[in-house]
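**Student:** no sequence on this one, just coordinates:
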């Protein structure tokens, strides 16, 4: 594979907004793209099928496919006082299904979906709160019986990014708001667990206890091994803890690596994909960073390869077609990494 371009979409409008958007593949085989304040539908040859301008004049940073095939998306909560709006579009012509659901707060991170016997839910975080939304018959509503807070009294905290779900719990870390949006918050990063049965019974983990943190991504939770992996970008730390039950976490390992990307796990082999960024902070260089493969239970390194960018920067690893993965960095480079 050469990574040369096979097909290209036409230039797509963004409404003048630049942010990391999202792409999903629908069961109808088409691609759906959120970029800026627009949603686009593309066929397998990247030809434009449908286009929809979204209601908020700002960038959108979340996109998922719901159980009935409809699409749900939200605006980026980077401006205080601009509330979060969730929109639902049908997949054919991208027509809105009902008015947007407006939350009381701005919500910076992306959102997670959880399909359970009790219903279909979406979780998202504001600057201090965690919300659960219920999806039913094309409509989203705020669950009035489930709402958590990750605020730590007296701490100079900043917003968390995305949530992840496992072991009947919602997991997240704080300290995610970029310094250019509010200045660098001084608190250490914390990990939080909220039971899906009762959000008031939260657990709080202080992974590294080092101050002045900015983290451009969420933690990772392995539900099969009950392992939480968290990182501290500023202080160059990555670590793992086994969840033993409410309030109980056993430390497993800690490494001196600087991650700026959302981590990925091969669940069958327990291989965790991390980054070590060379281009972060005042001492950063233009040298390529490294993609690392480590054992999620021991932290032992199994291999590494150049990422092609000094830092990946808040993006995602993407699994390939076998023992490979793709790396797209914030500066526009794309690399394919093979695992041997």
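**Tutor:** Sure, I can see it. In this text the structure is predicted, and so the values were computed from the model without any measurement.

**Student:** Every contact and neighbour count from this point should use C-alpha atoms.
**Tutor:** Will do.

**Student:** ok, now which ones touch the closest residue to residue 150 other than its chain neighbours?
**Tutor:** Nearest residue to residue 150, sequence neighbours excluded (CA to CA, 6 or more residues apart in numbering): residue 128, at 5.4 Å. By CA atoms under 8 Å, 6 or more residues apart in numbering, the contact set of residue 128 is 149, 150, 151, 159.

**Student:** measure the most centrally placed residue in the chain to residue 170 for me?
**Tutor:** Here the mean C-alpha position of the chain is nearest to the C-alpha of residue 162 (CA atoms, centre = their mean), at a distance of 4.4 Å. Between residue 162 and residue 170 the distance is 10 Å, computed by CA to CA, to the nearest Å.

**Student:** And residue 108, by the same measure?
**Tutor:** Distance of residue 108 to residue 170, computed by CA to CA: 17 Å.

**Student:** got the phi/psi numbers for the closest residue to residue 237 other than its chain neighbours?
**Tutor:** Leaving aside its chain neighbours, residue 237 sits nearest to residue 256 (5.0 Å; criterion: CA to CA, 6+ apart). Phi and psi for residue 256, reported as degrees, to the nearest 10, are phi -90, psi 70.

**Student:** Mind checking what secondary structure the residue nearest to the centre of the chain has?
**Tutor:** coil (DSSP: H, G, I helix; E, B strand; the rest coil).

**Student:** In contact with it, which residues?
**Tutor:** With CA under 8 Å, 6+ apart, residue 162 has these contacts: 109, 110, 111, 112, 124, 125, 172, 217, 218.

**Student:** now the helices for this structure?
**Tutor:** For the chain, applying DSSP state H gives helices covering 179-182.

**Student:** Not counting its neighbours along the chain, what's nearest residue 231?
**Tutor:** If the residues on either side of it in the chain are set aside, residue 231 comes closest to residue 238, at 4.2 Å by CA to CA, 6+ apart.

**Student:** One more: residue 60?
**Tutor:** Per CA to CA, 6+ apart, closest to residue 60 is residue 75, 3.9 Å.

**Student:** any idea how far residue 90 lies from residue 138?
**Tutor:** 9 Å.

**Student:** okay, and the common contacts of those two?
**Tutor:** Going by CA under 8 Å, 6+ apart, residues that sit against residue 90 and also against residue 138 are 70, 97.

**Student:** And the pLDDT for the nearest residue to residue 230 once chain neighbours are set aside?
**Tutor:** In this structure, residue 230 finds its nearest non-sequential neighbour in residue 219, 4.7 Å apart by CA to CA, 6+ apart. Looking at residue 219, its pLDDT is 97.

**Student:** Residue 281 now?
**Tutor:** 76.

**Student:** Could you pull up the contacting residues of it?
**Tutor:** When contacts are counted by CA under 8 Å, 6+ apart, residue 281 touches residue 234.

**Student:** Excluding chain neighbours, give the residue nearest to residue 161 in space.
**Tutor:** residue 109 (3.9 Å).

**Student:** Please report how far the one you found lies from residue 77.
**Tutor:** 7 Å.

**Student:** residues shared between the contacts of these two?
**Tutor:** By CA under 8 Å, 6+ apart, no residue touches both residue 109 and residue 77.

**Student:** got the end-to-end distance for stretch 14-32?
**Tutor:** 14 Å.

**Student:** can you check stretch 224-239 too?
**Tutor:** Terminal-residue distance, stretch 224-239 (CA to CA): 18 Å.

**Student:** can you list the residues that contact that stretch?
**Tutor:** Residues from elsewhere that reach stretch 224-239, judged by CA under 8 Å, 6+ apart: 167, 173, 189, 191, 207-208, 210, 212-216, 218-222, 240-244, 252-260, 267, 281, 296-297, 299.

**Student:** and it, how far out from the chain's middle?
**Tutor:** 14 Å (CA atoms, centre = their mean, to the nearest Å).

**Student:** buried set for that stretch?
**Tutor:** 226-239 (16 or more other CA atoms under 10 Å).

**Student:** so what's the spatially closest residue to residue 17 that is not a sequence neighbour up against?
**Tutor:** Nearest residue to residue 17, sequence neighbours excluded (CA to CA, 6+ apart): residue 36, at 4.7 Å. Residue 36 makes contacts with 13, 14, 15, 16, 17, 18, 19, 21, 58, 59, 60, as judged by CA under 8 Å, 6+ apart.

**Student:** rerun at 6 Å
**Tutor:** Contacts of residue 36 were listed using CA atoms under 6 Å, 6 or more residues apart in numbering, and they are 14, 17, 18, 59, 60.

**Student:** How about residue 173?
**Tutor:** Counting by CA under 6 Å, 6+ apart, the residues that residue 173 touches are 160, 190, 191, 218.

**Student:** Please report phi then psi for the nearest residue to the second one once chain neighbours are set aside.
**Tutor:** The spatial neighbour of residue 190 that comes closest, neighbours along the chain excluded (CA to CA, 6+ apart), is residue 206 at 4.9 Å. Note on residue 206: its backbone torsions stand at phi -100, psi 90 [degrees, to the nearest 10].

**Student:** Quick one, grab the pLDDT at residue 206.
**Tutor:** Listed pLDDT for residue 206 reads 97.

**Student:** What distance do you get for it to residue 129?
**Tutor:** Using CA to CA, one obtains 18 Å as the distance from residue 206 to residue 129.

**Student:** Same drill for these two, tell me which one is more crowded.
**Tutor:** residue 129 (16 against 12; other CA atoms under 10 Å).
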